[in-house]
Structure formats: C-alpha cells, structure tokens
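1. sequence first, then the predicted structure:
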Amino acid sequence: MKTSPHFAFLDEGSKKEIRRSILKAVAIPGYQVPFASREMPIARGWGTGGLQITLSVIGKRDVLKVIDQGSDESVNAVNIKKLVHETTGVAITEQTREATLIQSRHRIPEIHLTNDQILVLQVPEPEPLRTYEAKNTITKLLHSEEEYSGAWLMLFEQIMKHGTTSTGADHPVYVNGRYVMAPSPIPRFDNEKLNQSEALILFGAGREKKIYAIPPYTDVVSLAFDDHPFRTEDFTDKSCHLCGTSGVFLDELIDHHRGERVFQCNDTNFCIEQLNKKEREEVGTSEG
C-alpha cells in the first residue's frame, strides 16, 4: 500500500524545486545550494536529504540500491528501500552493478561506478568550515573569498598534536580547484574514488537544507600538506577472512570461535560477489 498519492512520495512541485537545486549544484561543483527541505516520514539525521534527492530524480525504469556503512540490510537502508519501493514500484537490488541509482550512508561501493549510475550520499554536516566557524553568514563569505586558511590550520593542529592528520572520516576536499567541500562521513579510503568519478555524485543534507554535487570527471583532491601527504587507512598485508580480497576497506572484527582478530570486507555485496567468483573458479578448476 502506497504511503503517498504521488509517485515517489513528494509532490511534483517539490521534486521540481529539488531538481533545480541539483542542476545548480552540478553546474557549480562543490558549492552548497540551499533548498527547501521537506518533512519526511523518517527523522532528520537519518538520511532525509539523500532521500529527497533520490525521490526527486528516480524514474520508473530505475533500479535502486541503498546501503548503510557498506551493508544492504541495516535498519536505515531497509526502511529507505521500503519507502521508495512502496511509493514508486521501482526494482530494488543489492547488486552494485545492476543499480542505476545508489543511495549510501558513509561509504562509496568498492565496485567501480560507471557513467550511467548516480550515487547519492547522505550528509549530516555539509559545511567543511563548521569546526572553526559557527555562523553561516561567515562561512558563506569565506567560501566566496576562497579563504580556507582555517581548514589548513585545523589540519596543521592535528599534525602538531598527533604527528599526522586525525580525520577518521569526512576529510575535506578541494573540488574543481575552487571549493573546499565536506565529502560526507566516508572514510579517507573512499576520498580517492571521488576524483574523476564516472558517476554523478549528489550530496543531500536534509537537516541543514543543502544540496551539492560532484559532476562526472571532476578533479577532487584531499587537503594535505606537501610534507604530510594525504594517507588513507592502512590495510597493508591484510585481507578479508571470508573472500580473501585485499586492497579494499576492511572492518576489524573478533572471531569468537577462534578467539582472534579478523578482517572482513565492509562492502557486503562486494564480498559476496568475490565469494561467488572464487567458488566458480574452484568449480572450474576441479572440472578441468
């Protein structure tokens, strides 16, 4: 049973207004575009900004995938999928390669995205300058003047205190050589996937009422000093204990049966795909 008389829940006027904001965001990469964030049947802070983008751009032929920190089956992901499906009837998938529209919280899929896909990232805090400036009027002025010394000072203080930058996630990036942007709380490991991405990447912050974007094939560089280059999380010599894959973002877990630490692919769909590939190779080898 549909929860709204409108296709994709929102009325057409609301979707048009959000799409206009998206178009402006695409035209000015990294720039935060204000929009009239609507009340949604989920709490603010649970992905209302990303959900409004998804509902505004989705079409009847789209195939939707929703993930939360790499998982297709978290409460947040399942509820968003249910709402979108019940108000659109679109196909739902857990396969990254099959999806035309992917909404995500805190991760970019491990599988390479293509130019016929759109990635929507949920954003809790869109302002990368918020850690040292609370007033929106000031942050807008700083962006307009390209005055980002505060962001550099923040990284410098981290290096002085810890010997390296300590941004575990949401490490600020330069977009198209102009705007400093918050990439959403993705791990540093995913920052490099933003650079020259084939897919259109849209960011939605419902509570803060901002939309911004990285168009395909846009230069995105993580902020770093020449003598302290940007570094991602280090998974050297580590691999997934299930599929054996290395070179991906891994979660550290405790195997209670063996009483030891193990690492596992954070992206559940990617892990399953690698397991299936490994199984096919083993079957082919045994038959050969």
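-> Arrived safely, thanks for sending.
2. tell me the buried residues in the least confident helix or strand in the chain by mean pLDDT?
-> Among the helical and strand segments of the chain, the one scoring lowest on mean pLDDT, DSSP states H and E is helix 268-287, with a mean of 86. Buried residues in helix 268-287, counting neighbours by 16 or more other C-beta atoms under 10 Å, are found at Thr268, Asn269, Phe270, Cys271, Ile272, Glu273, Gln274, Leu275. Every residue, glycine included, has its C-beta placed from N, CA and C.
3. same list (these) but as TSV, adding distance to Val66.
-> TSV is the format used below for the buried residues of helix 268-287 (distance: C-beta to C-beta, whole Å):
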residue	distance to Val66
Thr268	12
Asn269	11
Phe270	15
Cys271	17
Ile272	16
Glu273	17
Gln274	21
Leu275	22
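4. centre-most residue in this structure?
-> Leu121 (3.9 Å; C-alpha atoms, centre = their mean).
5. could you report the distance from it to Ala27?
-> Look at Leu121 and Ala27: by C-beta to C-beta, to the nearest Å, they are 19 Å apart.
6. now Glu260: closest residue in space that isn't a chain neighbour?
-> The spatially closest residue to Glu260, leaving aside those adjacent along the chain, is Ile254, at 7.6 Å (C-beta to C-beta, 6 or more residues apart in numbering).
7. and that neighbour, what is it in contact with?
-> Contacts for Ile254 (C-beta atoms under 8 Å, 6 or more residues apart in numbering) come out as Glu260, Arg261, Val262.
8. now list the buried members of these.
-> Val262.
9. picking that back up, would you agree the residue nearest to the centre of the chain falls within a strand?
-> Yes - Leu121 sits within a strand when classified using DSSP: H, G, I helix; E, B strand; the rest coil.
10. measure Lys81 to Glu198 for me?
-> To Glu198, Lys81 is 24 Å away according to C-beta to C-beta.
11. neighbour count for those two, which is higher?
-> Lys81 (21 against 12; other C-beta atoms under 10 Å).
12. now tell me what touches the host helix or strand of the more buried one from outside.
-> Using DSSP states H and E, Lys81 sits in helix 75-88. Residues outside helix 75-88 that contact it (C-beta under 8 Å, 6+ apart): 1-4, 6-9, 41-42, 46-47, 51, 54-55, 58, 60, 64, 66-68, 71, 90, 92, 103, 105.
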